[in-house]
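just need the structure, nothing else, for what follows:
(chains A, B and C)
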Amino acid sequence: MLAEFLQYLFTGITIGATYALVALGFTLIYNASHVINFAQGEFLMIGGMATVSLMGMGLPMPIAIILAVILAGILGVALQRLAIAPARQASVVTLIIITIGASIFIRGVAQLVWGKEYHVMPSFGSDQPVRIGGAVMHSQSIWVLLIASILVVLLVLFFTRTLIGKAILATSMNKDAARLVGIRTQLVLMLAFMLSALIGSMAGIAVAPITFTSYDIGIMLGLKGFVAAAMGGLGSGVGAVVGGITLGIVEAMTAGYISSDYKDAVAFSMILLVLFFMPRGMFGSRVVERV
Amino acid sequence: MLNSLFQSRQFGLLVLALIIIVLPFGLQNDFHYDIAIQMGLIAATVVGLNLLVGFAGQISLGHAAFFGVGAYMSAILTGTYGWSPIPVLLFAAVVVGIIAFVVGRPILRLKGHYLSMATLAVGFIIYIIINNERRITGGPDGISVPSLSIFGAELNVFNDYQILGMTLSGTFLWYVLAGVLLLLAVWIAQNIIDSPIGRALRSVHGSEVAARVVGVDTARFKSLVFVISAVYASIMGSFYAHYTGFITPQIASFEHSIVLITMVVLGGMASTLGVILGVVVLKLLPQVLADFQELEMMMFGLILMLTMIFMPKGLLPTLQGLARKYLRKKPEEGV
Amino acid sequence: MSKKIFRRAGFLAATLAAGIFATSVQASDPIKIGSFLSATGPASFLGDPELKTLEMYVEKINADGGVLGRQLQLIHYDDAGDASQARNFASRLVRNDRVDIIIGGSTTGTTMSAAPLIEQARTPFISLAGAIVITEPVKPWVFKTPQSDRMAAERVLGDMQSRGITKVGLISDTGGFGSSGRTQTLEVAANYGIEILADETYGPSDTDMTAQLTRIRNAGVEAVFNFGFGQGPALVTRNYAQLGIDLPFYQSHGVASDRFLELAGTAAEGLRLPASPLLVPDSLDDADPQKAVVQNYKAEYEARWNTQVSTFGAYAYDGLMLAVMAIEQAGSTDREAVRSALENIQGYVGVTGIYNLSPEDHMGLTADSFRILEVKDGQWNLID
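Sure thing, here's the model as predicted:
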């Protein structure tokens, strides 16, 4: 009984940690611009696919990973510079559609370059599953959890200890006031895109050994990440992390104890519950509208 | 602000009617008609969605699900249970209206993008149910739908009909029906826009706080518009199901919802003719790009991205702006 | 100009209905083969090798002089797995391109949504999708080349029965392929004295199925059967090994490709599945009439595309060859003649199996055309 419960819990936490990282990416960009970046999932895809293809070219794994993350970071900056910045006068909905266009475009290019097939990425460490209390975990799961925790800690430090981080926070709270005190909001926005691309690609690389990777893996992970962000209140970093982990655990528990047919439906009804009863999200920030 | 002749109510409707009448001269075969009919039905859906996006400033990420509920209720109740299509269509519209009200009323009290998240969730739940309940809905492989019949007269795409001594194909009659439905949809939408509710709504899009200060119950108006736009989707979903004769859960999917929203934004939010143009472009694009095979997806994304970057207000408003500049028209009288 | 428009206006509807546009065909005109496949999107596992096969063999047939002295022209549209797109492209093929025959429809959904239109246009249609509903009940103009999913279920359950297994856990994906296969399996299980004790599903893009498998294991089953295609079954296989379940494990023909072995790795060891002989061309008995055909297709495909051959591409191969045979036997592209030639093809030795079509059977394969394979040392092995 306990073994079963632990099994569902571990499964949920692993996949939940990935959702949390994607949700953090959404949150970063949403805070800086109120744009829901539908290309977020593509950062994960780029991370995984670039690593696999660089390794295929004979590069050792750590180098391939670093290059893939850099590539994703460049892509994030390019997305903001080439697609979002030129349309800065546009409404938020228009910007959202631009990110949808960008995600389709990136996927289209990836399909041309890397083909449509799924690819295997080796685990970072051993392939032996880890056994804890009768439950079994993929050894890569430990890596996923480790990387997710480190990234979260780094983000917290970044936002509370560095000037740039504080500038991003200030911009997200009040764009005009931030500009008045001399923060270049476009630069902040670019940083937000870059950061969320970096986080996204690292998440994509970390889970690729568990999930395989392909040109269209970003669609599903991106969507689940958005759901997690929505559960957390879309704009709260803590909410994104808790939302992601909760979503993962709910999915696994529903599949294990109730019905695998409706595990996703249960996850989605949680959004409704949160909206109905905790409209600011579980950790949503209070927003005061100015007249 | 309706300060343009191009956007005046009668003018827009007239242009649209003219296009619908003239179009058949350019349609060379049943395939062209087929695409035109689908454009008409989807355009009517999108005109409804535009009320929500363009005038109430809210995004629905689940409109395809409302479309799907209409379509599937029509398929199941007429196909499996032998009900008559038109009563089913109305019944489905009522059901969808109630769903939209139950979801929209509490959510729309809140400010921000909450409706988009709620509709995303509702849309997915509906999609999952349709996809999973194979015995009722046919599951992912889809379900066939009987042809439409109105007061006992069947309208089958594949039959010929003798009307006033002329032989008319079912496809042609469907074209007429789709045209009439679209005109009706636009007419109703424009009446809503010009009604007191509509004016209140436009104020909402401008500033919610201002609207509330002058005593407009914005939440009520927004939920009303949300319900209306959902009902639009449901009715058109029913017609679409009868027209195509076979539907799969994909029509209720999140991807389809995104396509619908994209049509609104691409064509030009808050411009009724604009969003119809958005439908035409997005329906034609896959056909035009089909020859590019592998490049298709990349080009579609690129076109979508570039259009929105360089025409952030959407196709039609941008073109209108250019036309006005070119003609050096004197400023129109304000409203 | 305007005169012409007005004249057309009067007769417009009538001409559309009567199809007067149909032009007489010159002997030198190419034979138009229409195709809509899911070459991209979630079902590109199916559509991609199918398209490659069609392109390659149309080229090859043309290089060899064509059919009836006429060249073949392949008109293909990618429906990306979307049923309404498929329907629109089918509409374009029959009404705009006026093709002579259609080979396509990678999935059951795309096939079924296009079928009413193609039927009405009276164009022969060879589908490449699996579900039994495509050809049962028989539609006059619709044929298909893959074995039905019911046959796959029967083969697997039969093999379980011969191993004395009576309690089985089923796990399937919620996409069209898995969902239809699950329904068929549940329906025929009792015929083999087999009880389905657990019936779990996963989404086609899910990334972890350990929860479902844990639940199945705890249901006290003697074997597990996974019905699905794409990367899902590879994940199920890995999770299965990771959980250390050592019950007999079966997959469906949905994963019958070497790619699956790469994805699943050592976790696939010992699993069985029904598949076309394409995966084990060299283990076939020399007397087996399919041996040469299978070896040939594999060699040609892999040489041309530099990628592994897949069972699904073979469906397109058989579809194209059946179409060519029917056109040759009909002596023209007259649609009714081709249709009737198609449904009377007997003893065509294809890659997927030996086809014996009839007016009552528009697929023409028996369950025996599936071979049971087992993975051993990372290789497919012919068991039965």
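
got a pLDDT number for the closest residue in space to C:Asp288 that isn't next to it in sequence?
Counting by CB to CB, 6 or more residues apart in numbering or on different chains, the nearest residue to C:Asp288 once its immediate chain neighbours are dropped is C:Pro277, at 7.5 Å. Every C-beta, even on glycine, is put in place using the N, C-alpha and C of the backbone. For C:Pro277, the model assigns a pLDDT of 87.

residue contacts, C:Pro277?
Neighbour list for C:Pro277: C:Leu284, C:Asp288, C:Gln290, C:Lys291, C:Val294, C:Val351, C:Arg371, C:Leu382 [criterion: CB atoms under 8 Å, 6 or more residues apart in numbering or on different chains].

what about the helices in the chain?
As the question left the chain open, I've gone with chain A. A:2-33, A:40-56, A:61-78, A:92-114, A:139-161, A:163-173, A:175-180, A:185-211, A:217-231, A:237-253, A:263-277 (DSSP state H).

try chain B instead
Going by DSSP H, chain B shows helices at B:9-22, B:30-50, B:63-79, B:85-107, B:114-132, B:134-137, B:170-194, B:196-206, B:208-213, B:218-244, B:254-267, B:272-289, B:296-310, B:315-327.

which one, of these, ends up nearest to A:Ala87?
Within these, the stretch nearest A:Ala87 is helix B:296-310; the backing value is 4.7 Å (CB to CB).

pull the residues that contact the closest one.
By CB under 8 Å, 6+ apart, helix B:296-310 touches A:83, A:86-87, A:90, A:94, A:97-98, A:100-109, A:111-112, B:262, B:265-266, B:285-286, B:289-290, B:292, B:315, C:40, C:78, C:80.

and the stretch 101-250 of chain A, which residues reach chain B?
Neighbours of chain B within the stretch 101-250 of chain A, by CB under 8 Å from any CB of the partner chain: A:101-109, A:111-112, A:223, A:226-227, A:230, A:234.

so where do the strands sit in the stretch 201-350 of chain C?
In the stretch 201-350 of chain C, the strands defined using DSSP state E, counting those that start in this stretch lie at C:223-227, C:249-251, C:272-275, C:346-349.

which among those is found nearest to A:Leu2?
In terms of CB to CB, the element of those nearest to A:Leu2 is strand C:223-227, at 23.3 Å.

so what strands line up beside that closest one?
Here strand C:223-227 has these sheet partners by DSSP bridges: strand C:167-173 (parallel), strand C:249-251 (parallel).

then that strand to CSV, C-alphas only?
Provided in CSV are the C-alpha atoms of strand C:223-227 (Å, rounded to 0.1, in the frame of the first residue of the first chain):
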residue,chain,number,x,y,z
ALA,C,223,0.4,-10.7,-18.7
VAL,C,224,0.2,-7.2,-19.9
PHE,C,225,-0.9,-5.9,-23.4
ASN,C,226,-0.1,-2.4,-24.6
PHE,C,227,-2.1,-1.1,-27.6
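
and C:Asp206, what are its phi and psi?
Geometry field for C:Asp206 lists phi and psi as phi -60, psi 160, criterion degrees, to the nearest 10.

follow-up on the earlier one: quick one: which of the contacts of C:Pro277 has the most company?
Neighbour tally across these (other CB atoms under 10 Å in any protein chain shown): the maximum, 27 neighbours, falls on C:Val351.

nearest residue to that residue other than its sequence neighbours?
Nearest residue to C:Val351, sequence neighbours excluded (CB to CB, 6+ apart): C:Ala314, at 3.9 Å.

ok, A:Ala85 - contacts?
Contacts of A:Ala85 (CB under 8 Å, 6+ apart): A:Gln186, A:Leu189, A:Met190.

per-residue pLDDT, the second one?
With respect to pLDDT, A:Leu189 scores 87.

run a quick neighbour tally on the residue lying closest to it once chain neighbours are set aside.
Closest residue to A:Leu189 apart from its sequence neighbours, by CB to CB, 6+ apart: A:Ala32 at 5.1 Å. Neighbourhood size, A:Ala32 [other CB under 10 Å]: 23.

what's the answer for A:Phe159, then?
17.

measure the residue nearest to it when sequence neighbours are not counted to C:Thr40 for me?
Nearest-residue entry for A:Phe159: A:Gly165, 4.1 Å, with adjacent residues in sequence omitted and distances by CB to CB, 6+ apart. As for A:Gly165, its distance to C:Thr40 is 40 Å (criterion: CB to CB, to the nearest Å).

those two: who's more crowded?
Neighbour count, other CB under 10 Å: between A:Gly165 and C:Thr40, C:Thr40 has more, with 24 against 17.

quick one: which helix or strand includes that one?
Counting by DSSP states H and E, no helix or strand carries C:Thr40.

who touches it in this structure?
A:Gln111, A:Lys116, B:Glu294, B:Glu296, B:Met297, C:Gly47, C:Asp48, C:Asp78, C:Ala80, C:Gly81.

what is the burial count for the fifth one?
Right, the one you point to is B:Met297. Going by other CB under 10 Å, the residues that sit close to B:Met297 add up to 26.

would you mind giving the contacts of C:Thr40 as a markdown table with distance to B:Ile143 and pLDDT added?
Listed next are those as a markdown table, based on distance: CB to CB, whole Å; pLDDT from 0 to 100:
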| residue | distance to B:Ile143 | pLDDT |
| --- | --- | --- |
| A:Gln111 | 31 | 90 |
| A:Lys116 | 29 | 83 |
| B:Glu294 | 32 | 78 |
| B:Glu296 | 28 | 81 |
| B:Met297 | 28 | 85 |
| C:Gly47 | 23 | 92 |
| C:Asp48 | 28 | 91 |
| C:Asp78 | 24 | 92 |
| C:Ala80 | 21 | 87 |
| C:Gly81 | 18 | 87 |
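
turn the helices of chain B into a markdown table, including distance to A:Ser149.
Shown next, in a markdown table, are those (distance: least, CB to CB, whole Å):
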| stretch | distance to A:Ser149 |
| --- | --- |
| helix B:9-22 | 57 |
| helix B:30-50 | 42 |
| helix B:63-79 | 37 |
| helix B:85-107 | 34 |
| helix B:114-132 | 27 |
| helix B:134-137 | 42 |
| helix B:170-194 | 51 |
| helix B:196-206 | 43 |
| helix B:208-213 | 40 |
| helix B:218-244 | 41 |
| helix B:254-267 | 31 |
| helix B:272-289 | 43 |
| helix B:296-310 | 34 |
| helix B:315-327 | 47 |
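
most tightly packed of those helices?
Neighbour counts averaged per stretch over those are highest for helix B:63-79, at a mean of 27; criterion: mean count of other CB atoms under 10 Å in any protein chain shown.

packing partners for that helix?
Applying 3 or more CB pairs under 8 Å, 6 or more residues apart in numbering or on different chains; DSSP states H and E, we find helix B:63-79 packed against helix B:30-50, helix B:85-107, helix B:114-132, helix B:134-137, strand B:143-144, helix B:218-244, strand B:246-247, helix B:254-267.

for the longest one, packing partners?
When you say that, I think you mean helix B:218-244. So helix B:218-244, by 3+ CB pairs under 8 Å, 6+ apart, packs with helix B:30-50, helix B:63-79, helix B:85-107, strand B:148-150, helix B:170-194, helix B:196-206, helix B:208-213.

give the buried residues for the shortest one.
It stands for strand B:148-150. For strand B:148-150, burial by neighbour count (16 or more other CB atoms under 10 Å in any protein chain shown) applies to B:Leu148.

that one pairs with which strands, parallel or anti?
Using DSSP bridges, the strands paired with strand B:148-150 are strand B:153-155 (antiparallel).

may I see the buried residues of the partner strand?
Applying 16+ other CB under 10 Å to strand B:153-155 flags B:Leu155 as buried.

any idea how far that strand is from the middle of the chain?
24 Å (CA atoms, centre = their mean, to the nearest Å).
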